[in-house]
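>>> just coords:
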């Protein structure tokens with residue numbers, strides 16, 4: 001069974017004054033079931049559906065809510081979908097069932113309290129954008145990124161608070177459900193076996209933008225609001241990552257610690273990370289590099305299947321051999337020197353060029369010496385913090401800056417929802433930018449992490465840097481440098497990168 005449970009409701013038949021029947025809503029239920037089965041890989045036992053025969057009474061819905069609630073736990077994700085009439089009474093939105101009304105806000109608040117980790121509400125009804133959420137998600141220093149990411153709830157409505165929602169002119173279903181179903185089943189937005197809620201709603205927005213251009217008299221502007229940490233990544237297919245071979249070899253004077261593929265096009269290139277087991281002269285390093293080159297020429301190490309298919313069986317064209325004194329040098333990328341070897345198919349005059357006193361040829365071997373090696377090694381040793389201290393200080397910064405990022409995304413969504421103008425959004429960002437800047441600069445004053453947490457620490461710094469990028473697009477200092485369309489596109493790309501970086505930190509955090 002999936003870790004996703006869904007309640008799908010479509011109301012076609014009505015027995016209350018002023019509410020006409022909506023025959024396509026029962027088809028919406030079937031369409032959404034198929035999208036959940038084939039798109040998100042749910043099974044029959046994961047979905048409770050109401051409305052295939054047309055009727056859905058209030059009591060039926062309340063019973064179904066209690067039933068779906070009993071199926072979930074704190075590690076599950078819950079999806080609620082509704083298709084039918086929606087109406088506004090006394091400035092409050094209601095979902096309309098066959099025999100009466102239930103407050104949309106009360107339903108949202110009920111799902112907010114449900115124990116599932118993440119909840120997603122899809123509303124396909126008139127005036128459905130007339131709802132609110134309770135603030136934005138806050139990341140606490142006491143919790144992990146794994147606890148935070150995907151926790152909370154999101155609501156995605158088919159139209160804003162003043163618009164009706166339409167049936168599709170060419171299909172026996174509604175417009176919004178048609179686009180939502182297509183997005184859920186779209187294979188092109190799957191990355192590493194997962195699809196994100198962010199990409200699903202972004203694709204639906206795109207479909208509706210095209211719809212609005214073609215149907216100016218039937219505008220539907222969807223509304224997305226979330227009180228959720230990051231986004232939800234739904235696992236929709238088995239993902240087997242490409243296995244990169246690890247080459248390790250220990251010899252009398254040196255250790256081949258790793259061979260990293262740096263292939264470009266049809267050029268097969270390797271960087272060999274080497275540890276010297278004893279002090280070696282430059283002449284000895286040259287002899288060792290030739291020996292290593294001979295060993296590595298025939299190596300078959302790749303980062304992906306495309307490079308493997310293209311280059312398998314070929315000899316290496318370029319090999320760089322880097323020399324450090326211990327494993328810490330390799331982890332920190334601090335080397336005494338490196339040598340370069342190229343085969344006869346390459347421009348040796350270019351690759352063996354001599355630029356300064358630290359780049360030279362000795363006995364036919366091309367060297368690059370790092371004159372700052374000893375000072376950098378000493379600096380690393382003197383400024384490496386303790387594991388617990390670095391983790392604590394990094395998490396303290398993350399807790400603050402990720403919370404700020406969620407606020408920035410919320411305001412950006414309200415700008416896209418056309419609730420805020422661009423000037424309004426600028427004003428909101430003006431209050432966030434100084435705080436984000438502070439934590440960004442604080443992150444660059446942290447102690448150097450010990451080798452064992454270096455990957456996690458670097459991923460955190462990358463995440464903080466991505467959040468800092470939020471300050472570049474809607475910043476009054478730089479407004480003249482971009483068009484409104486470019487600002488919006490850049491912000492969208494950076495939000496997507498933020499979610500990806502957050503997921504990377506989550507994965508590395510599990511190894512701490």
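Now that the structure is in, tell me what you want to look at. All values reported here derive from a predicted model rather than from experimental measurement.
>>> domains in this protein, as residue ranges please.
Segmentation of the chain into domains, based on automatic domain parsing, reads 4-235, 249-381, 384-509.
>>> which of those domains sits most buried?
domain 4-235 (a mean of 19; mean count of other CB atoms under 10 Å). To be clear about C-beta, it is placed using only N, CA and C from the backbone, and glycine gets the same treatment.
>>> For it, what is the spacing between the initial and final residues?
Start and end residues of domain 4-235 are separated by 10 Å (CA to CA, to the nearest Å).
>>> Which residue is the nearest non-sequential neighbour of residue 345?
residue 317 (6.2 Å; CB to CB, 6 or more residues apart in numbering).
>>> quick one: contacts for the one you found?
Taking CB atoms under 8 Å, 6 or more residues apart in numbering, we find residue 317 in contact with 267-269, 342-343, 345-346.
>>> Now do the phi/psi pair for residue 446.
Recorded main-chain torsions at residue 446 are phi -70, psi 150, according to degrees, to the nearest 10.
>>> That one and residue 395 touch, don't they?
No: using CB atoms under 8 Å, residue 446 makes no contact with residue 395, being 11.0 Å away.
>>> still on that earlier bit, which two of the contacts of residue 317 lie the greatest distance from each other?
Using CB to CB, the contacts of residue 317 reach their maximum pairwise distance at 269 and 345, which is 12.2 Å.
>>> so what secondary structure elements neighbour the helix or strand where residue 368 lies?
Secondary structure assigned from DSSP states H and E places residue 368 in strand 365-369. When contacts are defined as 3 or more CB pairs under 8 Å, 6 or more residues apart in numbering; DSSP states H and E, strand 365-369 sits against helix 282-296, strand 337-342, strand 359-362.
>>> Throw the ones you listed into TSV and include distance to residue 512 and mean pLDDT, thanks.
Shown next, in TSV, are those (distance: least, CB to CB, whole Å; pLDDT from 0 to 100):
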stretch	distance to residue 512	mean pLDDT
helix 282-296	33	97
strand 337-342	32	97
strand 359-362	40	95
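>>> Show me the one of the ones you listed that comes nearest residue 497.
strand 337-342 (31.2 Å).
>>> any idea of the angle the closest one forms with helix 282-296?
Relative orientation of strand 337-342 versus helix 282-296 (axes from the mean of the first three to the mean of the last three CA atoms, to 10 degrees): 50 degrees.
>>> Just checking: what are the partner strands of strand 337-342?
Note on strand 337-342: by DSSP bridges, its sheet partners are strand 318-324 (antiparallel), strand 365-369 (antiparallel).
>>> Name the nearest residue to residue 418, ignoring sequence neighbours.
For residue 418, ignoring the flanking residues on the chain, the nearest one in space by CB to CB, 6+ apart is residue 221 at 6.3 Å.
>>> whoops, I mixed them up, residue 471
Per CB to CB, 6+ apart, closest to residue 471 is residue 433, 4.6 Å.
>>> Please identify the helix or strand for the one you found.
Using DSSP H and E, residue 433 falls within helix 422-443.
>>> so what does the following helix or strand past that helix touch, helix or strand wise?
Using DSSP H and E, the helix or strand that follows helix 422-443 towards the C-terminus is helix 454-473. For helix 454-473, the elements it packs on are helix 387-416, helix 422-443, helix 484-509, judged by 3+ CB pairs under 8 Å, 6+ apart.
>>> Select, out of those, the one closest to residue 453.
helix 387-416 (5.8 Å).
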